[in-house]
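**Student:** what follows is a predicted structure for the sequence shown.
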Amino acid sequence: MQTINLRELYPSIYKADIYMEVSDEIYAVFIEDRRAEAARKRRMYRYKAQYSLDYGNGIEKAIINCPPTPEEIIEKREQQAELCAAVMALPGKQARRIYAHFYLDMTITDIARAEGVVPSRSSHCIKSGLRRLAKQFKET
């Protein structure tokens, strides 16, 4: 467990020092974010990116593009885990075919060939599985 100062991380919210213990994984994300922010500032200084964002050649966006915050990284991981769990909760064929198509980047034809069925059957199975997932996420 590591101790962080919330005032250093969120100076606009916390005006006094508030210390909190976080797990090593969360602390590593904060350190990674701090390093990424320092690298972004160095790039802005090095490439003199303090000019108008209206120029239009895209260099400003590439230089000033901020890395995701620790909260965004953790939220994305949680969403991916929730989605993977929902896919694995589907019936066997649907889960296997959706996993192969979206996680392993197999085409519908490749999936059908591997399972010995016609491609339209694989496609229909994937579509019905996606409808079931959409319905499940709308309920929650």
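**Tutor:** Thanks, I have the structure now.

**Student:** switch to C-alpha atoms for all contacts and neighbour counts from now on
**Tutor:** Fine.

**Student:** ok, so what distance separates R46 from A38?
**Tutor:** As defined by Cα to Cα, to the nearest Å, R46 lies at a distance of 12 Å from A38.

**Student:** more crowded one of these two?
**Tutor:** A38 (12 against 9; other Cα atoms under 10 Å).

**Student:** helix or strand: which one has that one?
**Tutor:** In this assignment (DSSP states H and E), A38 forms part of helix 24-46.

**Student:** and what of A95?
**Tutor:** A95 is part of helix 92-98 when elements are defined by DSSP H and E.

**Student:** helices and strands around the helix or strand following that helix, which ones?
**Tutor:** Using DSSP H and E, the helix or strand that follows helix 92-98 in sequence is helix 108-115. Packing partners of helix 108-115 (3 or more Cα pairs under 8 Å, 6 or more residues apart in numbering; DSSP states H and E): helix 119-139.

**Student:** and for stretch 70-85, what's in contact with it?
**Tutor:** V29, F30, D33 (Cα atoms under 8 Å, 6 or more residues apart in numbering).

**Student:** hmm, try it at 10 Å
**Tutor:** Outside of stretch 70-85, the residues within contact range by Cα atoms under 10 Å, 6 or more residues apart in numbering are 26-34, 67-69, 86-89, 95, 99, 103, 133, 137.

**Student:** from the chain's centroid, how far away is the helix or strand that K76 is a member of?
**Tutor:** Using DSSP H and E, K76 maps to helix 70-88. In terms of Cα atoms, centre = their mean, to the nearest Å, the centre of helix 70-88 is set 7 Å apart from its chain centre.

**Student:** got the buried residues for it?
**Tutor:** P70, V87 (16 or more other Cα atoms under 10 Å).

**Student:** my read is that I126 contacts H101, right?
**Tutor:** Yes. Assessed by Cα atoms under 10 Å, I126 is found in contact with H101 at 8.4 Å.

**Student:** who's more crowded, those two?
**Tutor:** Shown here are I126 and H101; by other Cα under 10 Å, I126 has more neighbours (23 against 18).
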